[in-house]
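1. Quick one, structure for this:
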Amino acid sequence: MKRTTALLAGEGILPLEISRRLAKKGFSPVIYSFSENNAELRKFASDLVLMKGPRLGELVDDAVGRGMDSIILAGVVPKELMFRPDLMDETLRTLIANLPVRDDHALLGAIVEIFESRGIQVLPYRKMIPELIASLGRIAGRDPSASEKDDILYGSRIASTVVPLSFGQTVVVRGRSVVAVEAMEGTDAAIERAGRISGGGVVVKMMRPDQDERFDLPTVGVGTLRVMHDAGLTCLAVEAGRTIVLGDELFRESAGSWDIAVTGISPIPSS
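-> Take a look at the predicted model:
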């Protein structure tokens, strides 16, 4: 790990987990954050820079000016910001305007290119958090029931087909019927919508096969389980080896308390 590393922190606790691990290795990154609730992050930062919206050019200029030669991208950035050009700087507005396709894969790839064109390497973070990567088989809670296993198999086939198109990272299935497919609204909103429609079901979460693993690994946590519980959904299946599971013991306790099966699955190639 380079000592001139920055961290671009989106929402959620993943940036905090990464910052804590960097600190244990003796590194205190410059942290760029979109959130004003940064008390915990600040403990691990050599400096914390509060970003006033998605101002990519300003961020890159600042990082170059500080001598940063690498950056880690972690956490959730609301996708609806794409429709708020008034919050963007000219660099980001121009980048989005020139993209032939404006899905997550294309947008994040273009952002990485901008960093690296200025000499700032975008580093993967999965090796920093190996214990948080989903394993194959039971992760927390009980084992899936027979009907849930049927829905996992069906949902994984659907997800494997649609996720290469840069949507459908989360699919909700009940009785081998697709109830909801995640688009720009995010996982929690898709789960809530499924709950209103079906009052139950299985959540299957997978990753685009050619997704750049330096950023945007699918992530679940206690909040995911809480939304599922409130929506009446009883099983969560995530792609083993390519999904981050946050929350550690609290995640396991919550799955048990809410009787939710959480399991790691292998992807099924689309036909």
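2. ok, which stretches of the stretch 51-200 of the chain are strands?
-> 70-74, 121-122, 137-140, 170-173, 178-181 (DSSP state E, counting those that start in this stretch).
3. Need those in JSON lines (columns: distance to residue 253, mean neighbour count and mean pLDDT).
-> No exception for glycine: its C-beta is placed from N, CA and C like everyone else's. Putting those into JSON lines (distance: least, Cβ to Cβ, whole Å; neighbours: other Cβ atoms under 10 Å; pLDDT from 0 to 100) gives the following:
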{"stretch": "strand 70-74", "distance to residue 253": "25", "mean neighbour count": "23", "mean pLDDT": "94"}
{"stretch": "strand 121-122", "distance to residue 253": "35", "mean neighbour count": "17", "mean pLDDT": "94"}
{"stretch": "strand 137-140", "distance to residue 253": "9", "mean neighbour count": "16", "mean pLDDT": "98"}
{"stretch": "strand 170-173", "distance to residue 253": "23", "mean neighbour count": "29", "mean pLDDT": "97"}
{"stretch": "strand 178-181", "distance to residue 253": "27", "mean neighbour count": "22", "mean pLDDT": "97"}
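4. per the record, what domains does this structure have?
-> 5-127, 130-265 (automatic domain parsing).
5. So which bits of the helix or strand encompassing residue 18 are buried?
-> Using DSSP states H and E, residue 18 maps to helix 14-24. Buried residues in helix 14-24, counted by 16 or more other Cβ atoms under 10 Å: 14, 15, 16, 17, 18, 19, 20, 21, 22.
6. Please name the nearest non-neighbouring residue to residue 132.
-> Once flanking residues are discounted, residue 132 sits nearest to residue 244: 5.1 Å by Cβ to Cβ, 6 or more residues apart in numbering.
7. what angle sits between the helix holding residue 18 and strand 70-74?
-> Interaxial angle, helix 14-24 versus strand 70-74 (axes from the mean of the first three to the mean of the last three Cα atoms, to 10 degrees): 140 degrees.
8. just the domains of the chain: most buried one?
-> domain 130-265 (a mean of 19; mean count of other Cβ atoms under 10 Å).
9. For residue 184, which residues are in contact?
-> Listed by Cβ atoms under 8 Å, 6 or more residues apart in numbering, the contact set of residue 184 reads 79, 80, 82, 167.
10. ok, now how distant is the nearest residue to the second one once chain neighbours are set aside from residue 102?
-> Ranked by Cβ to Cβ, 6+ apart and with sequence neighbours excluded, the top spatial neighbour of residue 80 is residue 184, at 6.8 Å. For residue 184, the distance to residue 102 equals 10 Å [Cβ to Cβ, to the nearest Å].
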